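Trainee: how would this look folded up:
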Amino acid sequence: MMLHGLFRRSVLLAGLTACVALPAGLAAAADAFPSRTVTLVVPFAAGGSTDLIARLIAEKMTEDLGQTVIVENKAGAGGNIGADAVAKADPDGYTILMGTIATHALNPAVMKQMPYDPVKDFAPVSLLVLVPNVLEVNPELPVKSVQELIALLKSKPGEYSYASSGIGTPLHLSGELFKSLAGVDMIHVPYRGAGPALNDVVANQVPIMFDNLPSSTAFIKAGTLRPLAVTTKTRSASFPDLPTMEEAGVPGYETYTWNALFAPAGTPQAVIDRLNAAAMKAVKDPATQPRLAELSATVVGSTPDELAKHVTAELAKWAPIVEASGAADSQ
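Mentor: Okay, here's the model as predicted:
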């Protein structure tokens, strides 16, 4: 009986020791982070602005972390496939997401069935950059300012159309917000991506478009598209003479795309802090900033809490716009 009691107490003591040691082991793993390659998932195809920005950030984070940060493109479902893969990854910091306005603000409002929760399933790391959109027209359209465009649209309601990269995308909803705030009527023409939409605007098949400024820059410089305004609160450094929508006479108008780092929910705070420090250093690096400026990206570099508040505000902002647009009904 005595031996049995001693054995039982020994087992209990070993179990308690293991329970105490487990958090310490996790803490040690977090302190040693990273000890191997980190995968940065881009939920869109290679070559777009999100992909290009991710590769710049990954390059600099590799230098700071001392481990390779590789970019993996997981495109599909408007960014949901890649975002969902990260949401369901091990919460150890070795799989992180380059999130966007689509994955964390628009898709939850547009899509009736989401594979992840944009708030509960992610640990915010840092809001990296803001990228403005641009309101542009085919040069054959007889307008040279936003006010001239508004006057034309009001004189012929429902006669003109605007192109976008698809229903429920940031470019579509940028147009819907413009219609609402400017009190104009345009017909929405959705395409399967921004590239085909741009081609048709250049060819004057559709005369008007909101687009990410980086992908339209070459067309603007070539004179095949006429820019009227950028959609951010401040002017773009790459086109300093181009007014903002507010300056052009549309009070309250502000849209942009953004890129931010997220880890799976449950990632240790020490790992989040390490990733945040590396991300902040990457976007503030003097060698990185000119390259981001070439992509018309405005550097932010936020804390995790600031990113969390940003996501909450974006969800609240876009939900009523999506509802008014009817985009959710079409999904």
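Trainee: before we move on, which element is I57 in?
Mentor: helix 49-65 (DSSP states H and E).
Trainee: What lies in contact with that helix?
Mentor: The contact list for helix 49-65 (CB atoms under 8 Å, 6 or more residues apart in numbering) reads 34, 38, 40, 42-45, 68-71, 73, 98, 100, 128-129, 131, 212, 214-215, 257, 259, 261, 274-275, 277-279, 281-283, 285, 287-288, 291-292, 295, 297. Backbone N, C-alpha and C define where each C-beta goes, glycine included.
Trainee: same thing but 6 Å
Mentor: Helix 49-65 is contacted by residues 34, 40, 42, 44, 68-69, 71, 98, 100, 131, 212, 214, 259, 278, 281-282, 285, 288, 291, 295 when judged by CB atoms under 6 Å, 6 or more residues apart in numbering.
Trainee: mind listing what the helix or strand just after that helix pairs with, with the direction of each?
Mentor: The helix or strand immediately downstream of helix 49-65 is strand 69-73, counting by DSSP H and E. When sheet partners are counted by DSSP bridges, strand 69-73 sits next to strand 38-42 (parallel).
Trainee: okay, the partner strand in PDB with CA atoms only?
Mentor: Output of strand 38-42 as PDB, limited to C-alpha atoms (Å, rounded to 0.1, in the frame of the first residue of the first chain):
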ATOM      1  CA  VAL A  38       8.900  32.400 -42.100                       C
ATOM      2  CA  THR A  39       6.200  32.200 -44.800                       C
ATOM      3  CA  LEU A  40       4.400  35.400 -45.800                       C
ATOM      4  CA  VAL A  41       1.200  34.400 -47.600                       C
ATOM      5  CA  VAL A  42       0.000  36.900 -50.300                       C
END
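Trainee: Mean confidence (pLDDT) on that strand, please.
Mentor: Mean pLDDT, strand 38-42: 97.
Trainee: Quick one: the helices in this structure, in order.
Mentor: With DSSP state H, the ranges of helices along the chain come out as 2-31, 49-65, 80-87, 101, 107-110, 146-155, 170-182, 194-202, 213-222, 269-284, 289-294, 304-325.
Trainee: show me where pLDDT drops low in the protein?
Mentor: 1-31, 329-331 (pLDDT under 70).
Trainee: Show me how the record splits it into domains.
Mentor: When the chain is parsed with the TED database, its domains come out as 38-131+257-325, 132-248.
Trainee: Turn those domains into JSON lines, columns for mean neighbour count.
Mentor: JSON lines is the format used below for the domains of the chain (neighbours: other CB atoms under 10 Å):
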{"stretch": "domain 38-131+257-325", "mean neighbour count": "19"}
{"stretch": "domain 132-248", "mean neighbour count": "19"}
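Trainee: and A316, what does it touch?
Mentor: By CB under 6 Å, 6+ apart, no residues touch A316.
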